[in-house]
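Peer 1: quick one, structure for this:
(one chain, ligands or ions: 2)
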Amino acid sequence: MTPYTKEQVLLQAENVCLNYGDKSVLRDINFTISNIVRPGMSQGQVISLLGRSGIGKTQLFRLMAGLQQPNSGKITLYGDKEVQAGDMGVVFQHYYLFEWKTIHQSLLMATRQNPALKGNEKEAIEKWANAFEITDSLHKYPHHLSGGQRQRASILQQLLKGSDFLLFDEPFSGLDVCVLDKVVDMLLQVSVSDELKTLVIVSHDIETSVAISDTVFILGKEEGKEGATVKREIDLLERGLAWQKDVRREQAFIDTLDEIKASL
Ligand SMILES: Nc1ncnc2c1ncn2[C@@H]1O[C@H](COP(=O)(O)OP(=O)(O)OP(=O)(O)O)[C@@H](O)[C@H]1O
Ligand SMILES: [Mg+2]
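Peer 2: Ligands and ions are numbered 1, 2, ... in the order given. So this is what the prediction gives:
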């Protein structure tokens, strides 16, 4: 098995609760995302957050992005800093883009928020646009792009901002199989682009999410209790199911999918 260690804490949720009126939506959410280190490699983290429709995934997503505050508990980065809006790159389900700007203009704006790209903004856009196969779309407006092109542009826009954390709400929905493969490849490229890069994927597509993740959190309700919590954490590293191109063919992968479906 590929050697790895888990080192410093990147993100931690502690006793996070969210209510609407007297209705509990999220209850006692606790989990930790640590930096996974592989000797001699730049290796980011890919986390899937899975759960049934309406369970609270998007609500937790909003809390993690700092777009909303929990009623109690907290989400911190690097051990102490409470998460705030703007700390993370956020890719919403409907791929938000500035409709009045060309893709290139939007991407340029994103690169200007990233000190690491100073002086090399245009080269960075060129390099990633090529990798994401949207070079031909750069000088178009979003409404002239296909759904898949919009999605890739929107992911790239968040990527170029340079935040360590990227959150995706349903990144695989509505894509045909070929585009889906491209998006998966892209996410993997992003995840290994930096040691601290952490992707959190909220999705209904269990198979695709699990195939590219190292850790899975399952959001669900415990018997007799209102409000969803992280019912299970599955460490795909321990099972030897992370970082393998053909993982979907492995029996252990198929068994893990069955196990996840049974606990949703
Ligand atoms: N503003 C609100 N006021 C009251 N309840 C809300 C509000 N927003 C969301 N909820 C409730 O929170 C729960 C979780 O919703 P959420 O959108 O997080 O589900 P989800 O897991 O993302 O579902 P899906 O997979 O369908 O996207 C739902 O029961 C929803 O009705
Ligand atoms: Mg949702």
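Peer 1: what about the strands in the stretch 51-200 of the chain?
Peer 2: 72-77, 81-82, 88-91, 165-169, 198-202 (DSSP state E, counting those that start in this stretch).
Peer 1: let's have those in CSV, adding distance to ligand 1.
Peer 2: Backbone N, C-alpha and C define where each C-beta goes, glycine included. As requested, the strands of the stretch 51-200 of the chain are exported to CSV (distance: least, C-beta to the nearest ligand atom, whole Å):
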stretch, distance to ligand 1
strand 72-77, 15
strand 81-82, 21
strand 88-91, 14
strand 165-169, 8
strand 198-202, 7
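Peer 1: including mean pLDDT and distance to ligand 2, could the ones you listed go into TSV?
Peer 2: TSV is the format used below for the strands of the stretch 51-200 of the chain (pLDDT from 0 to 100; distance: least, C-beta to the ion, whole Å):
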stretch	mean pLDDT	distance to ligand 2
strand 72-77	98	18
strand 81-82	96	23
strand 88-91	93	13
strand 165-169	94	6
strand 198-202	95	7
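Peer 1: contact residues of the protein facing ligand 2?
Peer 2: The chain comes close to ligand 2 at residues Lys57, Thr58, as judged by C-beta under 5 Å from the ion.
Peer 1: let me know the pLDDT of Met1.
Peer 2: Looking at Met1, its pLDDT stands at 68.
Peer 1: before we move on, what about Ala131?
Peer 2: So, for Ala131, pLDDT stands at 85.
Peer 1: what's the local residue count around it?
Peer 2: By other C-beta atoms under 10 Å, the residues close to Ala131 number 16.
Peer 1: tell me who's in contact with it.
Peer 2: Met186, Gln189 (C-beta atoms under 8 Å, 6 or more residues apart in numbering).
Peer 1: now do Ser173
Peer 2: Gln93, Ser203, His204, Asp205.
Peer 1: distance of it relative to ligand 2?
Peer 2: Distance from Ser173 to ligand 2, counting by C-beta to the ion, to the nearest Å: 10 Å.
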